[in-house]
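Engineer: Below are the sequence and a predicted model; questions follow.
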Amino acid sequence: MAMLVSIVIPLYNRESFIKETVDSIMNQSHRQFECIIIDDHSTDNSLPVAKKSTGNDDRFIVRKRSSDVKGASACRNEGMNMASGDFLMFLDSDDLLTEKCLEERVALFQKSLKMDFIVTQTGIFKNDRNHVTHYWNDLSGTDDIVNFLQGNGWQTSSTFFRTGFVRQFRYDDEAFSWQDIDFHLRVLLKEPDYVKIRDNEPHVLIRRADSRTGMKATNKESYFKSVEMRFQLMEKITSEMTPEQKKKYEVHVRMFYLYYLENFAITNDSLAQLNELEGLYQASYAYKISPLLSRIFRYYLGRNNNTFIKVFRRGMRLVVPLKPLKSRALPVRN
């Protein structure tokens, strides 16, 4: 009996890309799928273009978001509620599936019926989908909770879930930043049975101007809001940890907070905002910093003193091995 795969796509203002995404799904060698496209009330022609692209193919469901909550998270949750497949994956509306994506993923699952999900390679291209320049992640590391805390987790579409398993989770529909990492961290905290396939050809192709796109402090207010959101999500994540997990990951959670505090202080001069972010860190279970160091941190970093930053970094590494959040994207070698 053929396995049905559900593909959930949040759609917002992607009229230039959604047809190519739909075409990549229609061209799948595994024909048993349903594709649920939830439009987040686009202000361009994304919805009519999506409906026209899917034509009369009844494997596609295209509709506007029905909830009052805006955002990709709400769209994904709504699509997940509607899904009827044996397996489920999330896909962004400007990304593409390779022809045998579903076929090969289903085959991998059938080798071990106990798995909750699998993770496979995702390729990155700039202009030409036939010229993949990087893989999103090398999928290395034995502890993926640490990987995600350090910004080295896999891409959203890299995961291929058993639907019955993933339905116990939800995207945080209040989150406007970091929601994919938050989702996967909460999944991983449940200690699921999964496997990472490092050596496969990419199953999903995503568009990027460079090897990885990170959060940039180009707009100071939006950057502050992004860091604030990440801290709030981290508080929710750690509240779901068992006592054993809190002990195991304490240093990594602390490194997470300190990394963003340091980065924010370097790029922003608002002492009030820095104090607010530090207050969120102080409220965390992983907070550990002396009162004197805390006062120095607020005073000097709030004034963007580059000389002190260098001294502070070296001193902080004596307290905790603070590592930058680096990408593990792999260049494709020809």
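Structural biologist: Ah, there it is.

Engineer: hey, which helix or strand in this protein has the poorest pLDDT?
Structural biologist: helix 306-319 (a mean of 57; mean pLDDT, DSSP states H and E).

Engineer: what packs against the longest helix seen in the chain?
Structural biologist: Longest helix in the chain, counting residues (DSSP state H): helix 243-267. Contact analysis of helix 243-267 by 3 or more C-beta pairs under 8 Å, 6 or more residues apart in numbering; DSSP states H and E lists helix 144-149, helix 220-239, helix 271-282, helix 306-319 as its packing neighbours. Backbone N, C-alpha and C define where each C-beta goes, glycine included.

Engineer: tell me what the first one is packed against?
Structural biologist: Spelled out, it's helix 144-149. Judged by 3+ C-beta pairs under 8 Å, 6+ apart, helix 144-149 is in contact with helix 179-188, helix 243-267.

Engineer: Same list, the helices and strands packed on helix 243-267, but as a markdown table with distance to Gly55 and mean neighbour count please.
Structural biologist: Shown next, in a markdown table, are the helices and strands packed on helix 243-267 (distance: least, C-beta to C-beta, whole Å; neighbours: other C-beta atoms under 10 Å):
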| stretch | distance to Gly55 | mean neighbour count |
| --- | --- | --- |
| helix 144-149 | 39 | 21 |
| helix 220-239 | 39 | 18 |
| helix 271-282 | 49 | 17 |
| helix 306-319 | 57 | 12 |
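
Engineer: could you dump those to a markdown table with distance to Arg254?
Structural biologist: As requested, the helices and strands packed on helix 243-267 are exported to a markdown table (distance: least, C-beta to C-beta, whole Å):
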| stretch | distance to Arg254 |
| --- | --- |
| helix 144-149 | 10 |
| helix 220-239 | 11 |
| helix 271-282 | 8 |
| helix 306-319 | 9 |
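
Engineer: Just tell me which of the ones you listed ends up closest to Ser16.
Structural biologist: helix 220-239 (24.0 Å; C-beta to C-beta).

Engineer: Show me the shaky parts of the stretch 101-250 of the chain.
Structural biologist: The model of the stretch 101-250 of the chain has pLDDT under 70 over residues 209-219.

Engineer: So the protein: which segments form each domain?
Structural biologist: The domain map for the chain lists 5-207, 220-319, with the assignment taken from automatic domain parsing.

Engineer: Pick the most deeply packed of the ones you listed.
Structural biologist: Among the domains of the chain, ranked by average contacts under mean count of other C-beta atoms under 10 Å, first place goes to domain 5-207 (a mean of 19).

Engineer: Looking at the helices and strands packed on helix 144-149, which is nearest to Val146?
Structural biologist: In terms of C-beta to C-beta, the element of the helices and strands packed on helix 144-149 nearest to Val146 is helix 243-267, at 5.4 Å.

Engineer: Specify the angle between the closest one and helix 179-188 in degrees.
Structural biologist: Comparing the axes of helix 243-267 and helix 179-188 via axes from the mean of the first three to the mean of the last three C-alpha atoms, to 10 degrees yields an angle of 160 degrees.

Engineer: out of everything not next to it in sequence, what's closest to the most centrally placed residue in the chain?
Structural biologist: Residue closest to the average C-alpha location in the chain (C-alpha atoms, centre = their mean): Asp180, at 3.0 Å. Nearest residue to Asp180 in three dimensions, chain neighbours excluded: Thr156, at 4.6 Å (C-beta to C-beta, 6 or more residues apart in numbering).

Engineer: Leu47 too?
Structural biologist: Per C-beta to C-beta, 6+ apart, closest to Leu47 is Asp39, 4.5 Å.

Engineer: Tell me the pLDDT of that neighbour.
Structural biologist: Asp39 carries a pLDDT value of 97.

Engineer: In the sheet, which residues pair with it? Tell me.
Structural biologist: Leu11, Lys64 (DSSP bridges).

Engineer: wait, it sits on Arg65?
Structural biologist: Yes. Between Asp39 and Arg65 there is a contact under C-beta atoms under 8 Å: 6.5 Å.

Engineer: any common contacting residues for the two?
Structural biologist: Common contacts of Asp39 and Arg65, defined by C-beta atoms under 8 Å, 6 or more residues apart in numbering, comprise Cys75.

Engineer: Leu108 and Phe169, how far apart?
Structural biologist: Note on Leu108: its distance to Phe169, by C-beta to C-beta, to the nearest Å, is 21 Å.
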